[in-house]
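Undergrad: would you be able to build a 3D model of this:
(2 chains)
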Amino acid sequence: MRSVLSPPPDLPTGAKIAASVLEGLGAKAVRPTTDFWTVWDTSDHRLAAAQRRLIQKSDRLELVASDAPDDAIASRAGGEDPHHFVATWPDDALTLAVRRTVGLRALAPVLSAQVRQVPGTVVDGQGKITARVEVIRYDIQIPSPTSNRRKRGPDPQAGPRSSHLALIIRPLRGYDSAATAVVRRAEERGWRIAVDPVETALAALPVGSAEPGFADPAQPAGYAVRGITAAYLPVLAELEEGVISDHAPEFLHQYRVGLRRLRSLVVQLGSALPGDEVQRLRALLGTMARRTNHQRDLDVWLESRDEHAVLVPESLRHGLDPFFAAVASDRVAVHRTVAKALGSAAHRNEWSEVEALAQREAAGGEDHATPIADLAARRTWKAWLKAANDAANVGPATPSEHIHEVRIRCKRLRYLLDACGHLTAPDAHEGLRRDLREVQEVLGAFNDASIQEAALLERVSAGRHPTPTAVAVGALIGALAARRDNLRASLLVGLGKLASTASRSRYKRLFKRSATAPTADIGKDS
Amino acid sequence: MAVIALLSAKGGVGKTTAAVNLAALWAATGHDTLLIDLDPQGAAGHLLKIHASGSVKAKRFWSGRADAESQVRASDFDRLDVLPADDSLRRAEAVLEDIGKSRRRLADLLATLTGWSRIVIDCPPGLGLIAENAIRAADLALVPVAPSALAVRVLEPLSDLAGERSGKLRPFVSMLRGNSAFLEELRRAHPATLSATIPSAAVAESAARSRLPVVAHAPRSPLARAYRALLAESDALLTAEGTAVERRGGAP
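TA: Presented below is the predicted three-dimensional model:
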């Protein structure tokens, strides 16, 4: 394991200092090198959280473990900029390793550094190298988050440079004692074991979040809700780029989930903001999501093609091919429209308006100054009441439309628990989310079957398909209806649990509180 | 992991020089490489300025009771490590006879080594148990043959020793001094002979005096080019044989 040391405070500066340091440690300097590194990560620093660094050097792109930066986990030759979506990368070990951690998120430069290395070697009496020593000067810059820069080299918009000198001592296998002796000599000269300056700079970076949540329970709700809106925007922007480029259907799914979550939180916690602001955000986010409704429906069909095919008798399955071919063809056309809409001036203006609203500082809203945890708790209790009341009214013959309403209620409750549960019920929210997720899964499957059944009926009625296809689609409609009916039994059990007295007591104890008297103990599950 | 053995019935045919240069080249092309010096003269280690600690005795080593990895030393070249020879290897043949399973001890030992994608074994001259172990453990057994009147004949006992594994044996012409007809003669007798030919060159001596592989000492010399050709041909064979990495999951 290499040792990193920081210099003594009184170390003189100057061009010859590296050679002088090496000489003092009994090491012979060899040819110095200069390189330019760019560290890439997602805005929420997923690679850093996984103890990984993706470093672009002049001749390669490499993924390293942060505690073993000398041994690349995977690398690719060539120093050109990586595309910011891993989904577009060539199929190799580096792509696999990075994709595993970052998923669909976009990559951007998070740190750049000019790295001047003066290597040296310590040799024994035989002339054998027994340790490698390097004096490295890092000139580190943090790229401007607004520059959207993806080119190498100094960034004119980046922040100021900070310079750091480090001594790195690498033991060689079988010669550990030689490296230990060099470390000791360096310490005698005032060098101290330290963290690699690149690691220190990375650790100090502000981190965005993939699924933003609230951090401070006491923060005034007005600031907190605007803050979470601002935190969602870069995540949504990244996903939107993925939707336009159409690298994978998952970009659109995540984009829509993000918009829906944010809109739901803004509305449910709306008493923290001026009423007109809430209405405008609600309208803007709703419009943005609606632009993609049709494409998402088609994506769901195409993603569930195999699952649907097995619901149809084998002899009829070939009839589904023209149906899915028509869906795929529609999807190409619809995506073109979606991409155009997302790139339009109208859409960009809506974005700007959301950004401006997130930056507003105007007070207003009856709960503007209420601690976010208290407001969120009250809203969670209210959301549960609405969901439970609707759930209690579901019976064996309840129409699908009503069950769809219950599903929406449960989603609203879930979004509050996801974003605020750790503040409002720190000991209990994971369990509550788990229980709710189970109900939501059945609700989702029931709703999908209902919606798809209706959509198929509409398509077949439109007479777009030849007879074998109409027969196969008819069989699929029957199978989806049967699936929906089969789900009713487990749906009734799940909704019954959600609306039960035990559930009511639990939610009430955890979340019901007066608007004026928050209690410290509320939110703890006993 | 791919295992490449350098072996020959005769000494002084350029076996160690080939082993060191091939190992250095594999390391330079990105393979974590381990050079195992089984020749008690320790020439391979000497060429890379490495000496054994002397703490491991042959019996403990061959019986698997010594931690072989702890004896590995880094060379001066990135990615190239060396398991140096030890004086106790002089008794290796006798020790192998004593401890049983004498023909697969090396294969068992290699199965315990992790972290290297190429293992190059420099064998002592001879057709004893060490050579038999090396053939069994190797994916590719390279046999340098120096031109001489009886050179072609020395391959026959080696083939006999390899038995059903004789397909691994790949002779190549070593220390060639202008006798270009020898390659054809060797090929007629052994069609598996490699095309790469290693010339006899004074630069080999000067590299040895500097204790460096030729490919580092004089990388543009014809001798270094010849070693690179030998490496390319060996790599092609390893790939053609179904990528040793995949083929060798555990014990060979």
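Undergrad: how many other residues sit next to A:Arg173?
TA: The number of residues packed around A:Arg173, counting by other Cβ atoms under 10 Å in any protein chain shown, is 13. Every C-beta, even on glycine, is put in place using the N, C-alpha and C of the backbone.
Undergrad: do I have it right that it meets B:Asp81?
TA: Yes: here A:Arg173 lies in contact with B:Asp81, judged by Cβ atoms under 8 Å, at a distance of 5.9 Å.
Undergrad: who touches both of the two?
TA: By the contact definition Cβ atoms under 8 Å, 6 or more residues apart in numbering or on different chains, A:Arg173 and B:Asp81 are jointly contacted by B:72-74.
Undergrad: among the residues you listed, who's most crowded?
TA: Greatest neighbour count in the shared contacts of A:Arg173 and B:Asp81, by other Cβ under 10 Å, goes to B:Ala74: 23 neighbours.
Undergrad: any idea which strand is longest in chain B?
TA: The strand spanning the most residues in chain B, taking DSSP state E as the definition, is strand B:169-176.
Undergrad: who are the packing partners of the helix or strand containing B:Ala204?
TA: In this structure, B:Ala204 is located in helix B:202-210 according to DSSP states H and E. Other helices and strands packing on helix B:202-210, by 3 or more Cβ pairs under 8 Å, 6 or more residues apart in numbering or on different chains; DSSP states H and E, are helix B:214-217.
Undergrad: which parts of the helix or strand that the helix it packs on is followed by are buried?
TA: Beyond helix B:214-217 in the direction of the C-terminus, DSSP H and E gives the next helix or strand as helix B:222-240. The neighbour-count criterion (16 or more other Cβ atoms under 10 Å in any protein chain shown) identifies B:223-224, B:226-231, B:233-235, B:237-238 as the buried residues of helix B:222-240.
Undergrad: give me the residues contacting helix B:222-240.
TA: By Cβ under 8 Å, 6+ apart, helix B:222-240 touches B:2, B:4, B:18, B:21-22, B:25-26, B:29, B:139-140, B:142, B:170, B:172, B:194-199, B:201, B:203-204, B:214-215, B:218, B:244.
Undergrad: which stretches in the chain count as strands?
TA: Defaulting to chain A. For chain A, strands defined by DSSP E occupy the ranges A:3-6, A:28-29, A:33-41, A:52-56, A:60-65, A:68-77, A:108-123, A:129-141, A:162-171, A:192-193.
Undergrad: look at chain B instead
TA: According to DSSP E, the strands that chain B contains are B:2-6, B:33-37, B:73-74, B:80-83, B:118-122, B:140-145, B:169-176, B:197-199.
Undergrad: and A:Val278, what does it touch?
TA: Under the criterion of Cβ under 8 Å, 6+ apart, the contact partners of A:Val278 comprise A:266-267, A:270, A:365.
Undergrad: tell me which of the strands of chain B sits nearest to chain A.
TA: With Cβ to the nearest Cβ, the closest approach to chain A among the strands of chain B belongs to strand B:73-74: 3.6 Å.
Undergrad: would you mind naming what in the stretch 151-252 of chain B lies close to chain A?
TA: If contacts are counted using Cβ under 8 Å from any Cβ of the partner chain, the residues of the stretch 151-252 of chain B sitting beside chain A are B:Arg211.
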